[in-house]
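Chemist: pasting a predicted model and its sequence here:
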Amino acid sequence: MTTPAHAQPPTPRCTAVVGLQWGDEGKGKIIDLITPAFDAVVRYNGGANAGHSVVIKGVRHALHLIPSGIFHPGKKAVIGNGVVVDPDALLRELDALAAKGIDTSGLRLSDRAHVVLPWHKAEDETRENALKTAPPVGTEDEPSPHGGGGDRSIGTTKRGIGPTYSDKAARSTSVRVADLLRPELLRDKITTTWRFKKPTLAALGYDTSQINPDTVYDNALAAGQRLRPMITDTLYELHDLLRSGRSLLFEGANATLLDVDHGTYPFVTSSNCSVLGIPAGTGVPGKHITDVVGVFKAYSTRVGSGPFPTEQTNETGNYIRERGREYGTTTGRPRRVGWLDLVALRYAVMLNAASRLALMLLDVPAGLPELKVCTAYEIEGRRTERFSPDADRLALGRPVYETLPGFPDITAARHRDELPEQCRRYIEFIERYVGAPIDIISVGPDREQTMARAQT
Ligand code: IMP
């Protein structure tokens, strides 16, 4: 018997884990650590542009689309409607997991998620290339403030994310997961869409003979057949879990400063990566989410273009990049590196209503004589502690730093009170500035190199 709608259900627990910077904060490790306490892990945004690796019993697994809950037997791993799904990438991930003997029967895929097709990836790449070589904007005396002169590219992962979300909004040129199971409709949609895509791609200089719509159709149909057992209305599935008192863990992909509405637009991704994306991307209203873990690194990184006030293109930046292995999981690109930006961090804490924080990679800046943290910007001669998600305005921001003493190696510390005094000062400074407690501290890649407040 199902619970009547008016009956008082047991109180479910919903936690969200979100990145507070420009991505790659180490969310995968936190999610893997806390998943045992949840019944389902749910992705709500992004696509195969995200990437994290999880080390299980010494084996490294790279995931882009599948929620990391898949490694925990008996848990559901849900890809919500807000995700854009590249069927080839998803099937590759499923095959790789199966080859390692991992049971993937807990995976659920929303029938309303939108499908990334070959023309989306072609458009992403072709647009980026065209934007790179665009004629300079502005004059020699007054160049564009975006950095890179006439280079207007966003620095995307070229996974077709932006074009797929564009088509989602455009509606008439979009394919949803449910369509993969409807052969006639699918053929119709693919034929219609190609009529629009072909001339657009050709005008951008793309060789359209590389895409054959019949092959696109055959592949999409075949992918649908393989994915059929996991395709479902995930909204009902999630609400059924909530009604029976089960707990959900929402896994944010990309990160807050890449949020299409609240990030450093236009140098962002195309989805709502902050917690604000959860309701629309899953159908679970925000009132259920009572616990938000904001994940950030002891310094900042960013991949792709866009303003980055605390960027260090010097020896300090190189030191952090090498020690933190700051190269993209999805694209292998070297990440841009900078000091911790507390103005941006406090903004992200506010936006997500982060109730607790996880401070990652604290071991990486160890050995530096001093650490700087940005506590304000100076924009056009005025000091402000407010973050500006407007890229043009942010690009004018000069960071105002507070300098704190450096600290030695901390990789062996297992409790907060084992950390050197200078390191604890760094942590406390952050907590005071952003007004949220740091609950989890990571001092190395291993599970044991993580201290939770409960232990301290
Ligand atoms: P897209 O999401 O591929 O369209 O890329 C848009 C911007 O977001 C680019 O600057 C990417 O480098 C960045 N981006 C997207 N996903 C991630 C991520 O998971 N980590 C870091 N940067 C990301």
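Modeler: Noted; the coordinates are in hand.
Chemist: return the backbone torsion pair for residue 386.
Modeler: Here is the backbone geometry of residue 386 (degrees, to the nearest 10): phi -100, psi 130.
Chemist: was I right about it contacting residue 343?
Modeler: Yes. Residue 386 lies in contact with residue 343 (Cβ atoms under 8 Å); the separation is 7.3 Å. The C-beta positions use only the backbone N, C-alpha and C, and glycine is treated the same way.
Chemist: show me which of the two is the more surrounded one.
Modeler: residue 343 (24 against 10; other Cβ atoms under 10 Å).
Chemist: burial count for residue 337?
Modeler: Quick note: residue 337 (other Cβ under 10 Å) scores 26 neighbours.
Chemist: excluding covalently adjacent residues, which one is nearest to it?
Modeler: residue 317 (4.2 Å; Cβ to Cβ, 6 or more residues apart in numbering).
Chemist: hang on, residue 358 in a helix?
Modeler: No. Applying DSSP: H, G, I helix; E, B strand; the rest coil, one finds residue 358 to be strand, outside a helix.
Chemist: how about it, nearest residue that isn't a chain neighbour?
Modeler: In space, residue 358 is closest to residue 440, 3.9 Å off (Cβ to Cβ, 6+ apart).
Chemist: please verify my assumption that the residue nearest to residue 337 contacts residue 310.
Modeler: No. Applying Cβ under 8 Å, one finds residue 317 not in contact with residue 310, separated by 10.1 Å.
Chemist: which residues of this structure lie near the ligand?
Modeler: Residues of the chain lying close to the ligand by Cβ under 6 Å from any ligand atom are 22-24, 49-50, 154-157, 159, 161-162, 254, 258, 267, 269-270, 303-304.
Chemist: now, those residues that are in helices?
Modeler: Using DSSP state H, the subset of these located in helices is 161-162.
Chemist: return the nearest residue of the stretch 301-450 of the chain with respect to the ligand.
Modeler: Nearest residue of the stretch 301-450 of the chain to the ligand (Cβ to the nearest ligand atom) works out as residue 304 at 2.2 Å.
Chemist: strands of the stretch 51-200 of the chain, start to end?
Modeler: Secondary structure of the stretch 51-200 of the chain (DSSP state E, counting those that start in this stretch): strands at 52-56, 59-63, 76-79, 84-85, 107-110, 114-115.
Chemist: could you dump those to TSV with mean neighbour count and mean pLDDT?
Modeler: As requested, those are exported to TSV (neighbours: other Cβ atoms under 10 Å; pLDDT from 0 to 100):
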stretch	mean neighbour count	mean pLDDT
strand 52-56	16	75
strand 59-63	15	82
strand 76-79	26	97
strand 84-85	26	98
strand 107-110	25	98
strand 114-115	25	98
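Chemist: quick one: which of those strands is nearest residue 294?
Modeler: Evaluated with Cβ to Cβ, those place strand 52-56 nearest to residue 294, the distance being 16.3 Å.
Chemist: no more questions from me, cheers.
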